[in-house]
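Undergrad: Make a model of this:
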Amino acid sequence: MAKESKSSVSIPAFHKMLVLAQWALGIFNEVSFENISATLKHPSLEGIDENDGHTKFYHAISRSRC
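TA: The predicted structure follows:
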């Protein structure tokens with residue numbers, strides 16, 4: 001029986017195999033962490049909200065969550 005070469009076997013990326021990573025993507029209704037990080041890297045999310053003391057980053061994450 002012939003062996004398959006390693007190049008013909010498709011192995012998913014490590015982060016796609018992690019259950020927790022898939023759960024986190026599901027929470028934000030995203031397919032990749034690149035999409036999430038692009039939104040959350042915006043400079044306007046730096047700093048503290050004067051009204052409640054939470055970070056602006058926190059507010060962005062809590063609004064994204066369904």
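
Undergrad: what distance separates the helix or strand encompassing W23 from the centre of its chain?
TA: In this structure, W23 sits in helix 19-27 according to DSSP states H and E. Centre-to-centre, helix 19-27 and its host chain are 8 Å apart (CA atoms, centre = their mean, to the nearest Å).

Undergrad: Report the next helix or strand after it in sequence order.
TA: helix 33-40.

Undergrad: and the spatially most central residue of the chain, what is it in contact with?
TA: Centroid check for the chain by CA atoms, centre = their mean gives F33 as the closest residue, at 3.1 Å. By CB atoms under 8 Å, 6 or more residues apart in numbering, the contact set of F33 is 15, 21, 25. C-beta here means a position set from N, CA and C on the backbone, and glycine is covered the same way.

Undergrad: what is the orientation angle of the helix holding W23 with helix 33-40?
TA: Interaxial angle, helix 19-27 versus helix 33-40 (axes from the mean of the first three to the mean of the last three CA atoms, to 10 degrees): 50 degrees.

Undergrad: What's the mean pLDDT across helix 19-27?
TA: Taken as a whole, helix 19-27 has a mean pLDDT of 85.
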